[in-house]
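Engineer: the following comprises the amino acid sequence and a computationally predicted model.
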Amino acid sequence: MRITNIKSDHVIPGMVLGDVVHSQNGHFLLRKGTVLNHRLIMRLKNFGIYQLPIDDKLQEEEREKVETIMPVIIQSFNWLLVDLENEKKAVLASIQQLVEFTAINSWLHKLKTEDNHLFEHSIKVSVLSAYVGKKLKYDEQKLTTLILAALLHGIEDGRRGLDWADFAPYREAEWLREVRFITKSVAKEQAYRLPEIHLSQSHLQEAGQIIAIANQYDELLHQSRSHVKRRPIEAIEYIFGITMKYDWHIMIVFLHSIALYPVGSHVRLSNKQTGVVTAQNIGIPHRPFVRTLPTHQVGYGSESEIINLVKEPTLFIHDILNLP
């Protein structure tokens with residue numbers, strides 16, 4: 001059980017109370033095990049109740065679903081330049097909390113079964129977006145909205161036959177209204193020009209841009225009918241080439257968040273050796289650590305070694321053989 005602040009909008013319809021709730025005068029209001037809906041949440045706010053005991057124990061079936069999703073989320077961090085381990089833990093915790101939310105959990109599991117490519121794409125976009133949001137100093141509420149919109153942005157793509165029916169019980173919730181606003185802007189590629197936007201919705205416009213950039217970046221890394229497959233550095237150069245479409249400051253933060261050679265990439269070095277990227281040099285994304293693969297060619301060692309390219313100024317990555 002955890003105590004959650006109702007003001008921060010982290011109390012979402014569908015969550016379950018882990019204990020009884022009393023009014024400030026001590027009167028009984030709700031029993032343990034009550035499933036919250038939009039009406040009950042508004043009623044509690046009217047009573048001045050802002051701290052709620054939320055049951056965070058997952059049913060066994062839901063726990064199994066989460067366990068199949070988390071490895072994909074963790075692997076997506078290989079595409080980032082994580083400055084501090086604490087930053088990674090904070091972003092991971094924010095995403096995991098939402099994945100454990102029953103409605104999101106069920107929808108992602110359904111998506112994984114029906115369209116695994118879109119599932120992995122949605123996860124990666126959410127991780128990239130969340131990390132950029134963290135660097136932009138998003139508070140927990142804004143970060144939650146950003147991650148939810150990134151996870152669900154594929155619903156607006158009609159080609160896949162997805163819709164919002166799975167979230168019908170939450171149609172009156174503020175978080176869903178904001179998420180739908182953001183996902184529509186991403187789908188129309190209009191995150192940068194929304195004529196109907198109000199000043200109070202400016203953070204939604206920014207969130208739309210973050211997701212649109214992350215979405216386009218990941219799509220460029222895969223072959224499609226509209227474009228050829230690009231390497232990370234080529235995808236970044238392409239997006240910067242159309243940078244007037246996006247806010248310059250967000251683009252710079254995104255660039256500083258991306259690993260040009262993600263951990264797990266198979267690369268060929270300028271000395272003809274092949275290897276696997278094992279770690280990043282923060283601030284120098286084009287000079288990672290590479291573990292060379294054993295070779296029996298004359299002139300090369302038969303055992304692998306880890307090379308820090310920062311300390312080897314005459315050695316370069318010549319090509320990417322395979323991305324993780």
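Structural biologist: On my side now, so go ahead. What you see is a predicted model, and the numbers here were worked out from it, not measured in a lab.
Engineer: all helices of the stretch 151-300 of the chain, in order?
Structural biologist: In order along the chain, the stretch 151-300 of the chain carries the following helices (DSSP state H, counting those that start in this stretch): 174-187, 202-220, 232-241, 248-255.
Engineer: deepest in the core, which of these is it.
Structural biologist: Between the helices of the stretch 151-300 of the chain, helix 202-220 has the highest mean count of neighbours, a mean of 22, where neighbours are mean count of other C-beta atoms under 10 Å. Where C-beta positions appear, they are placed from N, C-alpha and C, glycine not excepted.
Engineer: which residues are contacting that helix?
Structural biologist: Around helix 202-220, the neighbours that count as contacts under C-beta atoms under 8 Å, 6 or more residues apart in numbering are 121, 124-125, 128-129, 132-133, 136, 142, 145-146, 149-150, 153, 178, 181-183, 185-186, 189, 191-192, 194, 197, 227, 229-230, 234-236, 238-239, 246-247, 250-251, 254, 258.
Engineer: in this structure, which spans are strands?
Structural biologist: With strands called from DSSP state E, the chain shows them at 2-5, 21-22, 28-30, 51-54, 266-269, 274-279, 289-292, 306-308, 317-322.
Engineer: out of those strands, flag the one nearest Ala165.
Structural biologist: Among the strands of the chain, strand 51-54 comes nearest to Ala165, with 25.6 Å by C-beta to C-beta.
Engineer: and the closest one, what's its mean pLDDT?
Structural biologist: Per-residue pLDDT values across strand 51-54 average out to 80.
Engineer: got the helices of the stretch 151-300 of the chain as CSV, with distance to Lys32 and mean pLDDT columns?
Structural biologist: Compiled in CSV, those are given as follows (distance: least, C-beta to C-beta, whole Å; pLDDT from 0 to 100):
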stretch, distance to Lys32, mean pLDDT
helix 174-187, 24, 84
helix 202-220, 35, 89
helix 232-241, 49, 86
helix 248-255, 43, 89
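Engineer: dump these to CSV, plus distance to Ile307.
Structural biologist: Supplementary listing: the helices of the stretch 151-300 of the chain in CSV, determined by distance: least, C-beta to C-beta, whole Å:
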stretch, distance to Ile307
helix 174-187, 40
helix 202-220, 27
helix 232-241, 19
helix 248-255, 25
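Engineer: now, of the strands of the chain, which is deepest in the fold?
Structural biologist: For these, the largest average neighbour count (mean count of other C-beta under 10 Å) is found in strand 289-292, namely a mean of 20.
Engineer: what comes up buried for stretch 29-36?
Structural biologist: Neighbour counts using 16 or more other C-beta atoms under 10 Å place 30, 34, 36 of stretch 29-36 among the buried residues.
Engineer: distance of the last one from Gln141?
Structural biologist: Remark: distance between Leu36 and Gln141 (C-beta to C-beta, to the nearest Å) = 17 Å.
Engineer: and the first one, by the same measure?
Structural biologist: Here Leu30 is placed at a distance of 23 Å from Gln141 (C-beta to C-beta).
Engineer: beta-bridge partners for Asp319, please?
Structural biologist: Beta-bridge partners of Asp319, counted by DSSP bridges, are Arg268.
Engineer: could you pull out the helices for the stretch 1-150 of the chain?
Structural biologist: Remark: helices assigned in the stretch 1-150 of the chain by DSSP H, counting those that start in this stretch are 38-46, 60-76, 85-99, 102-114, 116-135, 140-152.
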